[in-house]
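Engineer: Build me a structure from this.
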Amino acid sequence: MRLEESVDKDPEAKIVELYDSARDTIWSSTSLVVDFYKRSTIEKAIEDAAARVGDFRLLIDAGVDWEQRKHQMPWLVDLAKRPNVTIRRSLHPVQHWLVVDGRHFRLEKVHPEGKIGKKNLVIWNAIKPLADKLRDKWSEWWDDATILG
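Structural biologist: I've put the predicted structure just below:
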């Protein structure tokens, strides 16, 4: 297990690295900050990962206007049409996490709305008890969310 605690000026490279490492699953909880998710490198990393993995789950934070986000980032419409992609909106605020293959995690510290999280903890190859706990917490958010498309 490797931990990377950091305050990133720009977390783009680390997020792309995580998406690029995915082989089986991606679970992401996010508010889809427009200025960040409109970047071509982020869009490409997400699209490539969605084409590669069998289970891609996108959990949109409570209060985010999904219709507005699809209008602002048209590539989300195509992403939502993929058979392996499921998108839900949380009924309650959630932390913004990226769970890759159930064992690599990016856990953002709570940050102001409309901003990308720059304080985070990245865990590579989490030990089983920790990975199980983190996956279980993310699954609670997922199970309590409404389906979008």
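Engineer: any idea how far the residue nearest the centre of the chain is from Thr41?
Structural biologist: Centroid check for the chain by C-alpha atoms, centre = their mean gives Ser28 as the closest residue, at 2.3 Å. Noted for Ser28: a distance of 16 Å to Thr41, by C-beta to C-beta, to the nearest Å. Where you see a C-beta, it was placed from the backbone N, CA and C, and this is true even at glycine.
Engineer: do Asn120 as well
Structural biologist: For Asn120 relative to Thr41 (C-beta to C-beta), the value is 18 Å.
Engineer: Between these two, point out the one with more neighbours.
Structural biologist: Applying other C-beta atoms under 10 Å to Asn120 and Thr41 shows that Asn120 carries more neighbours, namely 23 against 12.
Engineer: That one: which element?
Structural biologist: strand 119-124 (DSSP states H and E).
Engineer: buried stuff in whatever helix or strand comes next after that strand?
Structural biologist: The C-terminal neighbour of strand 119-124 among helices and strands, as given by DSSP H and E, is helix 128-143. By neighbour count with 16 or more other C-beta atoms under 10 Å, helix 128-143 contains the buried residues 131, 134-135, 138, 141-142.
Engineer: Please apply the same query to stretch 41-61.
Structural biologist: Applying a neighbour-count criterion of 16+ other C-beta under 10 Å, one finds 42, 45-46, 49-50, 53, 56-61 buried in stretch 41-61.
Engineer: Can you give me the end-to-end span of stretch 93-102?
Structural biologist: The first residue of stretch 93-102 is 22 Å away from its last residue (C-alpha to C-alpha, to the nearest Å).
Engineer: Now do that stretch: everything it contacts.
Structural biologist: 15, 18-19, 21-31, 59, 61-63, 105-108, 110-111, 117, 131, 134-135, 138, 141 (C-beta atoms under 8 Å, 6 or more residues apart in numbering).
Engineer: out of the residues you listed, which are buried?
Structural biologist: Here, 16+ other C-beta under 10 Å leaves 15, 18-19, 22, 25-31, 59, 61, 105-108, 111, 117, 131, 134-135, 138, 141 buried among these.
Engineer: Tell me which helix or strand in this protein has the weakest average pLDDT.
Structural biologist: strand 2-7 (a mean of 74; mean pLDDT, DSSP states H and E).
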